[in-house]
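Trainee: take a look and give me a structure for this.
(one chain, ligands or ions: 1)
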Amino acid sequence: MRSPKSPVLAINGLVKDVGPLPTLDGRMLRVVSDVSLVAGRGEVTALLGANGAGKTTTIECAQGLQKRSGGSISLLGQDPGSAGADLRSRVGVMLQEGGLPPSARPLPLLRHIAGMYRNPKPMDEVVERLGIDTFSRTSVRRLSGGQKQRLALAAALIGNPEVLFLDEPSAGLDPQSRQLVFGLISELRDSGMGIILTTHLMDDAQRLADYVYIIDAGRNVAEGTVAQLLQHQTPEMTHKGHVRTLHFEALPGLDFTGVLPAEVEIRETRAGSYSATGALTPDDLAALTAWWAQHGVMPGSMSMEARSLEDVFLDISGRDVR
Ligand SMILES: Nc1ncnc2c1ncn2[C@@H]1O[C@H](COP(=O)(O)OP(=O)(O)OP(=O)(O)O)[C@@H](O)[C@H]1O
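Mentor: Predicted structure coming up:
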């Protein structure tokens, strides 16, 4: 595990049991068995995991909303399980949809939340920045999904917290709002806030995260910067190539058997549209183009890309739906 200069959150060997559950004959169910992570000031730390991996449970234990069964948690140097109002006033939490009171109106709600903090941000600044002025008098229940999401972010940061927990911050946002929210998160990070982002949207993590923890079935399975994770190789990718995906369009039904090494997977994703993924070397590219030349194949288009964080995530946590 890394050690940032100024940690805001450190979780060590977190365990969480729930129950007793009637479906387990009254036994407890271990939903988090061993999660550790560190998040630093002035950084975005992302916690990634498939549905049911244990992200929400981990974060709720970190916020002191759930009691942990084992391990240790330090949030701004205090144990969130026993800390009081002082710690809460230094932490901002973005609730998922449904967490905002349906009959409240945005401005009075934000004013009420700001009143609970010692050093809130100027209300006008937050309202204007997140474009809340355009719907400030509409009740929460009548807001669109994206408007609710922007209001939830405003509610989380109006108190000017030192640590900000964000849960799927771009869910339901149109491209304009997404740019706005991403820009704001980057600014908050640069101003020194420690931001912990929980998501299964790889694109958000890839664009925002300084450091990523991937958890699966209640335990850590991988961690690193996005660049480090993109270097992840599966055991089958043994030779020293660069992990890439090559896309090209050509005649349908071509048989590339034996053209590329067995560890490079070549698939016809739809008629005449091919992708080759694996640790590709310049020699592999030469072999492929030589084969095209030999068979008189002229591709209609071709492009190559490094693997995405989503590919790495699927390699690590498997492709089965949970
Ligand atoms: N009180 C509970 N009783 C029974 N099972 C529970 C309870 N709390 C959590 N779980 C189970 O623990 C696992 C982890 O849940 P958690 O909500 O932390 O996952 P998650 O990673 O946040 O998933 P998602 O991305 O779907 O929100 C899930 O399988 C969930 O069903």
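
Trainee: point out where the stretch 201-322 of the chain drops to low pLDDT.
Mentor: Of all residues in the stretch 201-322 of the chain, those with pLDDT under 70 make up the ranges 232-242, 319, 321-322.

Trainee: which other helices and strands contact the helix or strand containing residue 313?
Mentor: When elements are assigned from DSSP states H and E, residue 313 belongs to helix 309-317. If contacts are counted by 3 or more Cβ pairs under 8 Å, 6 or more residues apart in numbering; DSSP states H and E, helix 309-317 sits against helix 202-208, strand 211-216, strand 219-224, helix 226-230. The C-beta positions use only the backbone N, C-alpha and C, and glycine is treated the same way.

Trainee: buried sites along the shortest one?
Mentor: What it means is helix 226-230. The neighbour-count check on helix 226-230 (16 or more other Cβ atoms under 10 Å) flags 226, 229-230 as buried.

Trainee: contacting residues around that helix?
Mentor: Helix 226-230 is contacted by residues 205-206, 209, 212, 214, 222-223, 243, 306-309, 312 when judged by Cβ atoms under 8 Å, 6 or more residues apart in numbering.

Trainee: may I have it as PDB, with CA atoms only?
Mentor: The C-alpha coordinates for helix 226-230 follow below in PDB (Å, rounded to 0.1, in the frame of the first residue of the first chain):
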ATOM      1  CA  VAL A 226      -4.200   4.600 -13.600                       C
ATOM      2  CA  ALA A 227      -0.900   4.400 -15.600                       C
ATOM      3  CA  GLN A 228       0.400   1.600 -13.400                       C
ATOM      4  CA  LEU A 229      -2.900  -0.400 -13.600                       C
ATOM      5  CA  LEU A 230      -2.900   0.000 -17.400                       C
END
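
Trainee: just give me how far it sits from the chain centre.
Mentor: The gap between the average C-alpha position of helix 226-230 and the chain average comes to 14 Å, counting by Cα atoms, centre = their mean, to the nearest Å.

Trainee: kindly report the same for the second one.
Mentor: Taking Cα atoms, centre = their mean, the mean C-alpha location of strand 211-216 is offset from the chain mean by 8 Å.

Trainee: follow-up on the earlier one: quick one: residues in contact with the helix holding residue 313.
Mentor: Under the contact criterion Cβ under 8 Å, 6+ apart, helix 309-317 has outside partners 48-50, 53, 202-203, 205-206, 212, 214, 216, 221-222, 226, 229-230, 232, 234, 245, 277.
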